[in-house]
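Participant: model this:
(2 chains)
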Amino acid sequence: MRSSQYLLATQKETPADAEVISHQLMLRAGLIRKLASGLYTWLPSGLRVLNKVAGIVREEMDKAGAIEVLMPVVQPADLWQESGRWEEYGPELLRIKDRHQRDFVLGPTHEEVITDLVKREVSSYKQLPINLYQIQTKFRDEVRPRFGVMRGREFTMKDAYSFHLSQECLEKTYQDMYQAYCNIFERIGLEYRPVIADTGSIGGSMSHEFHVLAASGEDDIAFSNASEFAANVEMAEALAPAGERAAPTAEMQLVDTPKAKTINELVEQFNLPVEKTIKTLIVKGSEEAGSELVALLVRGDHELNEIKADKLPEVASPLTFASEEEIRAAIGAGPGSLGPVNLNMPVIADRAVSLCSDFGAGANQDGKHYFNINWERDVALPKVADIRNVQAGDPSPDGRGTLEIKRGIEVGHIFQLGEKYSQAMNCGVLTESGKHQVLTMGCYGIGVSRIVAAAIEQNHDKYGIIWPDAIAPFKVALIPMNMHKSHRIQEAAEALYKQLQQAGIEVLFDDRKERPGVMFADMELMGIPHHIVVGERNLDENQVEYKCRRSGEKQLLDLNKVLSFIQAL
RNA sequence: CGGUGAGUAGCGCAGCUUGGUAGCGCACUUGUUUUGGGUACAAGGGGUCGCAGGUUCAAAUCCUGUCUCACCGACCA
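Facilitator: The predicted structure is shown next:
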């Protein structure tokens, strides 16, 4: 490709609304342009990268035995009503009407369509298992699109769906997909980790997310420093602290704390150790709890995990915090003065809380706290559950090592779905014994467009993007110095260009009438991994300069060795 | 969905308080210059100031409505 006949679209200045580095660089390097909130046009260089990623995904999926299909983006509402998600799915689901006023949705995912397809096309156990996938545009009307294509509303996703007669068979395909995903991320050249993820309300099934580690990630991932354990913080189990609860050492006392509304204030003003304080959070109760409100206790230095709390039978789902008015009406004191002593509602304490002794908490009277509270002696120990987020330094749930926490970008998610959709939509086959049996399903997603952004988050420097070779828009940048003044430069550059092209190497020939600095800067910004610089000085020796984008190392190459050198990279 | 802020040339911004017919940098075009790291000089093109309504002799500027975009929040009492 000649840059003079290409849409380079690089720019010097960073648009003001781009926050994360990948978004900034994608705009500056001319990969994408915003059309509207969460909607992006892929410019030529961006599309080349996107296609490279999609190509790798496709190859590895095929290798793992999956079969490619392509389903419509627009889906009839009937299917969503059949599965129950027409009601379940929130405003993220974009609903539209056609000219006959029939309801449709813009597909955020394709479980319904694929289940409907398999129901129609697969009728015998002999055709199983089957794993169908597509690489296609999805639409989710995100609450808050941000970070460019990292969280867009329209995005490219690879989604695969497998169908099985048995759990064993599903687990086999699940493992195959797990391996295929590892192969994909390794080939692309990303630092990634598979992590245990939320199994959701479907129950019993297994789920892993694949995260690319980057500071700008939107998820917290907990890792063991001594084992392979890795889990989304949402999921990671917080073990009870080691040891028994210490015996009480002091009498409970009521203390005036008019200026202490938060744990921080309490700790500062009364010189309490933060791990000897307890936060009392009031949430809506479920029918099972038999109470409008339920209290959750976590230690002052811990955070409530809403996903864990949401799963408690006593807690109304979705988890809803009580308003200040509701709290006052029920307890007679406001937030900031709440505690377990004399609390007239069901209480659930975190494991760590159950091991506290001589601790401080609100007295359920405004401006007062109890200090030196002890379980059993001053108040009965309530139900105990794991309801907090793990923190760095906590013991790993697998019993080996302690946890570290890093940010991750979720680029893949595999899931054992079970029968949620096949049951609702009656998708089954005849078994060997001639009986109808509902199939069990797995689903496997990869955020193809998100990978492009994630790769930049991990691979950039102050000059711009540094693409891993596997997904670079071009492999080689051919940069002639002052070609428009020098015939021999032009001849040499044209000859090299032709040679590289004929060898099937993707080369961007910068034949613009630009100063060297401009060319270097653009090629570096775009992250092209290998640069060949043709200049008068070296041409006298029949040589050109090679520069590696990533390491910055330079070396001289004989003209007749350029092709073999590049091919060997 | 709540809070805050912003919409003026392709991009980044000034002008608005105190109304008087729009400006700067980058980018773009032309010429000269420079030639291994975003060169310099000169000339030039490009804007119904988000949209609609109102006040006024006169509105980018004041008022009302509306749309769009961004950031923060939607959890620790």
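
Participant: and the residue of the stretch 251-400 of chain A found nearest RNA strand B, what does it touch?
Facilitator: When scored by Cβ to the nearest atom of the strand, the stretch 251-400 of chain A has A:Pro335 as its residue closest to RNA strand B, at 2.5 Å. Using the backbone N, CA and C atoms, a C-beta is placed for each residue, glycine as well. For A:Pro335, the contacting residues are A:261, A:282, A:324, A:327, by Cβ atoms under 8 Å, 6 or more residues apart in numbering.

Participant: ramachandran coordinates for A:Leu500?
Facilitator: A:Leu500 adopts backbone torsions of phi -70, psi -40, taken as degrees, to the nearest 10.

Participant: and if you look at A:Trp86?
Facilitator: phi -60, psi -40.

Participant: so what's the residue in the stretch 1-150 of chain A positioned nearest to RNA strand B up against?
Facilitator: Nearest to RNA strand B in the stretch 1-150 of chain A, going by Cβ to the nearest atom of the strand, is A:Ser37, at a distance of 3.1 Å. Counting by Cβ under 8 Å, 6+ apart, A:Ser37 touches A:145, A:153.

Participant: if we use 7 Å, what do you get?
Facilitator: Applying Cβ atoms under 7 Å, 6 or more residues apart in numbering to A:Ser37 gives the contacts A:Pro145.

Participant: what does A:Val274 give?
Facilitator: A:Val274 makes contacts with A:263, A:267, A:300-301, as judged by Cβ under 7 Å, 6+ apart.

Participant: from these, which would you call buried?
Facilitator: Among these, the ones that count as buried by 16 or more other Cβ atoms under 10 Å are A:263, A:267, A:300-301.

Participant: could you dump those to CSV with pLDDT and secondary structure?
Facilitator: CSV is the format used below for the buried ones among the contacts of A:Val274 (pLDDT from 0 to 100; DSSP: H, G, I helix; E, B strand; the rest coil):
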residue, pLDDT, secondary structure
A:Ile263, 80, helix
A:Val267, 82, helix
A:Gly300, 86, coil
A:Asp301, 86, coil
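
Participant: can you pull the phi/psi pair for A:Gln134?
Facilitator: phi -150, psi 160.

Participant: now do A:Asn560 against A:Glu432, distance only.
Facilitator: 66 Å (Cβ to Cβ, to the nearest Å).

Participant: near RNA strand B, from the buried ones among the contacts of A:Val274?
Facilitator: A:263, A:300 (Cβ under 7 Å from any atom of the strand).

Participant: what is the most widely separated pair among the contacts of A:Pro335?
Facilitator: Among the contacts of A:Pro335, the pair separated by the greatest distance (Cβ to Cβ) is A:Lys261 and A:Ile282, at 14.9 Å.

Participant: comparing those two, which residue is more hemmed in?
Facilitator: For A:Lys261 and A:Ile282, the more surrounded residue by other Cβ atoms under 10 Å is A:Ile282, and the numbers stand at 22 against 16.

Participant: the more buried one touches A:Leu293, doesn't it?
Facilitator: Yes. Contact criterion Cβ atoms under 7 Å: A:Ile282 and A:Leu293 qualify, at 5.3 Å.

Participant: what secondary structure does A:His531 sit in?
Facilitator: strand (DSSP: H, G, I helix; E, B strand; the rest coil).

Participant: now for it, how many residues are close by?
Facilitator: A:His531, neighbours per other Cβ under 10 Å, totals 21.

Participant: what bridges to it?
Facilitator: A:Ala477, A:Lys547 (DSSP bridges).

Participant: who are the contact partners of it?
Facilitator: A:477, A:479, A:523, A:547, A:549.

Participant: mind doing that once more with 6 Å?
Facilitator: Residues near A:His531 by Cβ atoms under 6 Å, 6 or more residues apart in numbering: A:477, A:479, A:523, A:547.

Participant: tabulate those (TSV), appending neighbour count and pLDDT.
Facilitator: Below are these laid out as TSV (neighbours: other Cβ atoms under 10 Å; pLDDT from 0 to 100):
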residue	neighbour count	pLDDT
A:Ala477	26	96
A:Ile479	27	95
A:Met523	27	94
A:Lys547	18	95
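
Participant: ok, those residues vs A:Arg488, which is closest?
Facilitator: Using Cβ to Cβ, these come closest to A:Arg488 at A:Ile479, 15.7 Å.

Participant: my read: the closest one touches A:Val533, true?
Facilitator: Yes. A:Ile479 is in contact with A:Val533 according to Cβ atoms under 6 Å; the separation is 4.9 Å.

Participant: for A:Lys119, helix, strand, or coil?
Facilitator: helix.

Participant: correct me, but A:Leu439 touches A:Ser162?
Facilitator: No. A:Leu439 lies out of contact with A:Ser162 (Cβ under 6 Å); the separation is 9.3 Å.

Participant: neighbour count winner among the two?
Facilitator: Remark: of A:Leu439 and A:Ser162, A:Ser162 carries more neighbours, 30 against 27, as counted by other Cβ under 10 Å.

Participant: tell me how far the more buried one lies from A:Glu536.
Facilitator: In this view, A:Ser162 and A:Glu536 are 60 Å apart by Cβ to Cβ.

Participant: swap in A:Lys279?
Facilitator: 72 Å.

Participant: and these two? Which one has more around it.
Facilitator: Neighbour count, other Cβ under 10 Å: between A:Lys279 and A:Glu536, A:Lys279 has more, with 24 against 12.

Participant: what about that one, which helix or strand?
Facilitator: For A:Lys279, the host element (DSSP states H and E) is strand A:278-284.

Participant: for that strand, what does the pLDDT average out to?
Facilitator: The average pLDDT within strand A:278-284 is 87.

Participant: buried set for it?
Facilitator: Quick answer for strand A:278-284 (16+ other Cβ under 10 Å): A:278-284.

Participant: phi, psi for the nearest residue to A:Lys276 once chain neighbours are set aside please.
Facilitator: Closest residue to A:Lys276 apart from its sequence neighbours, by Cβ to Cβ, 6 or more residues apart in numbering: A:Phe359 at 4.6 Å. The phi/psi pair for A:Phe359 (degrees, to the nearest 10) reads phi -100, psi 160.

Participant: hmm, A:Pro273 and A:Phe359 touching each other?
Facilitator: No. Judged on Cβ under 6 Å, A:Phe359 makes no contact with A:Pro273 at a distance of 9.2 Å.

Participant: between the two, which is the more surrounded one?
Facilitator: A direct count of neighbours by other Cβ under 10 Å for A:Phe359 and A:Pro273 places A:Phe359 higher, at 24 against 12.

Participant: what residues does the more buried one make contact with?
Facilitator: A:276, A:278, A:373.

Participant: and it, how far is that from A:Val347?
Facilitator: Taking Cβ to Cβ, one finds A:Phe359 at 14 Å from A:Val347.

Participant: kindly report the same for A:Met481.
Facilitator: Taking Cβ to Cβ, one finds A:Met481 at 76 Å from A:Val347.

Participant: A:Gly285 now?
Facilitator: 11 Å.

Participant: same deal with A:Gly148?
Facilitator: Per Cβ to Cβ, A:Gly148 is found 45 Å from A:Val347.

Participant: these two: who's more crowded?
Facilitator: The residue with more neighbours, out of A:Gly148 and A:Val347, is A:Gly148; 27 against 20, by other Cβ under 10 Å.

Participant: show the pLDDT at that one.
Facilitator: A:Gly148 is given a pLDDT of 88.

Participant: the helix or strand hosting A:Glu325 near RNA strand B at all?
Facilitator: Assigned by DSSP H and E, A:Glu325 falls within helix A:324-331. Yes. Applying Cβ under 7 Å from any atom of the strand, one finds helix A:324-331 touching RNA strand B at A:324, A:327.

Participant: quick check: mean pLDDT of that helix?
Facilitator: On average, helix A:324-331 scores 80.

Participant: for that helix, buried residues please.
Facilitator: A:327, A:330-331.

Participant: return the member of those residues nearest to A:Val73.
Facilitator: Nearest member of these to A:Val73, counting by Cβ to Cβ, is A:Ile327, at 46.1 Å.
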